[in-house]
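[1] fold the following.
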Amino acid sequence: MRNLIERTFPETVQKTCLQTSVETEFFVFDTEAKQCAIQTDPYGLKHFTVENPTGRSIHFLAIDHCLFTDRDKTRCDCAVFDEKTFCFIEIKETETAARRSVHYQKAKDQLKATIQYFQERMTFTTKRIEAYACVGRTAVRPARQTTDLNEQVEFADMGAILYHGNVKRFA
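    Residues are numbered from 1 along each chain as shown. Next comes the predicted model:
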């Protein structure tokens, strides 16, 4: 899958948007420059947790402000993937419950637009496509599949599954 991403989007190599980790756990954060990165500071901000108990190669792809430029309006923040599963991630940090629904709708729109963009340019070799809407605080929230039937259908039409939360476990 990594080779397919590099062939389809050669700028990922030029801009170093694509990294590989074999750590059993690593963290992603949305930087002040609005480009997601792997968090190397153990005390630093952590928006998304990747659990990799088998220590296999998990790839991280910075999408917003790396693969895409500022001119592109609708895209998600990043993705993590292995040979079986490709996970698109949108991070929206907010402390107020009143803003969560607005941020959540934006996150879904960004995830859908990015998935469609990728599907128009390549054929996924993974068996699963997952979308993670990480809306709210940075506290760990294990991912759960959406229970909203409309959301299930929206994402199923693209061959994807929508999750709420900020933890992905590659088992």
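[2] may I have the strands that pair with whichever strand or helix holds residue 27, each with its orientation?
    Per DSSP states H and E, residue 27 falls inside strand 25-30. Partners of strand 25-30 in the sheet, by DSSP bridges, are strand 36-39 (antiparallel), strand 48-51 (antiparallel).
[3] could you dump those to a markdown table with mean neighbour count, distance to residue 18 and mean pLDDT?
    (C-beta placed from N, C-alpha, C; glycine too.) As requested, the strands paired with strand 25-30 are exported to a markdown table (neighbours: other Cβ atoms under 10 Å; distance: least, Cβ to Cβ, whole Å; pLDDT from 0 to 100):
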| stretch | mean neighbour count | distance to residue 18 | mean pLDDT |
| --- | --- | --- | --- |
| strand 36-39 | 20 | 11 | 95 |
| strand 48-51 | 21 | 15 | 96 |
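[4] minimum distance to residue 133: which of these has it?
    When the strands paired with strand 25-30 are compared by Cβ to Cβ, strand 48-51 sits nearest residue 133, at 11.2 Å.
[5] quick one, which of the strands paired with strand 25-30 is nearest to residue 119?
    Closest among these, once you apply Cβ to Cβ, is strand 36-39, at 20.9 Å.
[6] returning to that earlier point: between the strands paired with strand 25-30, which gets nearest to residue 110?
    strand 36-39 (12.6 Å).
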